[in-house]
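Student: What follows is a predicted protein model with its sequence.
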Amino acid sequence: MLMDLNLNHIERICQETDDRLWSAYLRSAGDNSDTLYDPRLMFPVYSGRKDGTIRVSEQEARFVFAESLTTTPYYFSIETPTRQGYQLTGKRKMSAQTDLTLYARNRQPVLNVEFKAKGFSASARNLSTIKKDLQKLLREPIAGMWFHILQSVDNSTLPKLFGAITKSLCETIEEFQRDIKKTQLIFHFCILKHHFSLHKHIVITSGNNLLDELNGQFDFSYTVNRSSLIDVHNDNGWFVYKLG
């Protein structure tokens, strides 16, 4: 559970991951100015695109997060088989996989991490990809973290994404409430082009107004321009980390 996990350690690991991702993104975009890290990772360019559009996926976040663990006391595994059975597709329950799992010195698992990428349309009806990962984080018997990487944002990107997450979280909790092993999750969002990230430990309490509660937890008011975060109007408990 989260009470057995050093949350400050996890926050620092996420910050180092942010710094490494920002450095890699700047280099991949052709910016050779000095950065905190000299990364080996490159974000690839889409094939056949003459404008040099960079592709961003959750795989870059996962590899860099793992790289950030090399200076910590934690061990990790990739594509860790789940303990619970899941009927994500097909007609019978099977073991699923968690993107990355952290282990303490005694080799006991302490944190499952699911990595996601890109934003989410407010009009999209299919929340299955979000719900299946939230289900794994909630039902597995150790702490869970959602690490989300976005190439860029405008002033509506995060509200739309947060709306999709809160709706999915509410539906998942209501559907699997008997199997849920925890009521706390860590959420981290890294925005590459604008060089800032958001981090929060979310505590979920049961009640009749769960969706309203979750919307309140995910409330974050901000203003950006094309390349930077201009202002945070209300952080609502979110820790904001910036490049430099």
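Tutor: Arrived safely. Numbers count the residues shown, from 1 in each chain.
Student: Which helix runs longest in this structure?
Tutor: helix 7-28 (DSSP state H).
Student: List the buried residues of the helix or strand following that helix.
Tutor: The helix or strand immediately downstream of helix 7-28 is helix 58-68, counting by DSSP states H and E. Neighbour-count burial for helix 58-68 flags E58, E60, A61, R62, F63, V64, F65, A66, E67, S68 (criterion: 16 or more other C-beta atoms under 10 Å). Backbone N, C-alpha and C define where each C-beta goes, glycine included.
Student: now swap in stretch 223-230 and tell me
Tutor: Quick answer for stretch 223-230 (16+ other C-beta under 10 Å): V224, L229.
Student: Show residues contacting it.
Tutor: Applying C-beta atoms under 8 Å, 6 or more residues apart in numbering, the external contacts of stretch 223-230 come out as 153-155, 191, 193-196, 222, 231, 233, 240, 242.
Student: if we can go back for a sec, next, format the buried residues of helix 58-68 as TSV and append pLDDT and distance to E174.
Tutor: TSV is the format used below for the buried residues of helix 58-68 (pLDDT from 0 to 100; distance: C-beta to C-beta, whole Å):
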residue	pLDDT	distance to E174
E58	96	26
E60	97	33
A61	97	29
R62	97	29
F63	96	35
V64	97	34
F65	97	30
A66	97	34
E67	95	37
S68	96	35
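Student: Just want the most central residue of the protein.
Tutor: Geometric centre of the chain, nearest residue: F147, 1.4 Å, by C-alpha atoms, centre = their mean.
Student: and that one, that's in a helix?
Tutor: No. Under DSSP: H, G, I helix; E, B strand; the rest coil, F147 falls outside any helix and is assigned strand.
Student: That one contacts L198, correct?
Tutor: No. Contact criterion C-beta atoms under 8 Å: F147 and L198 do not qualify, at 11.2 Å.
Student: before we move on, back to that, how far away is the residue nearest to the centre of the chain from D18?
Tutor: 10 Å (C-beta to C-beta, to the nearest Å).
Student: Give the intersection of the neighbour lists for those two.
Tutor: Joint contacts of F147 and D18 (C-beta under 8 Å, 6+ apart) are C190.
Student: What are the phi and psi values at S95?
Tutor: For S95, the backbone dihedrals (degrees, to the nearest 10) come out as phi -70, psi 140.
Student: Report pLDDT for it.
Tutor: In this model, S95 is scored at 79, pLDDT.
Student: Contacts only, for it.
Tutor: Contacts of S95 (C-beta under 8 Å, 6+ apart): P81, T82, R83, Q84, G85, Y86.
Student: Which strand residues bridge the last one?
Tutor: In this structure, Y86 has the following beta-bridge partners (DSSP bridges): M94.
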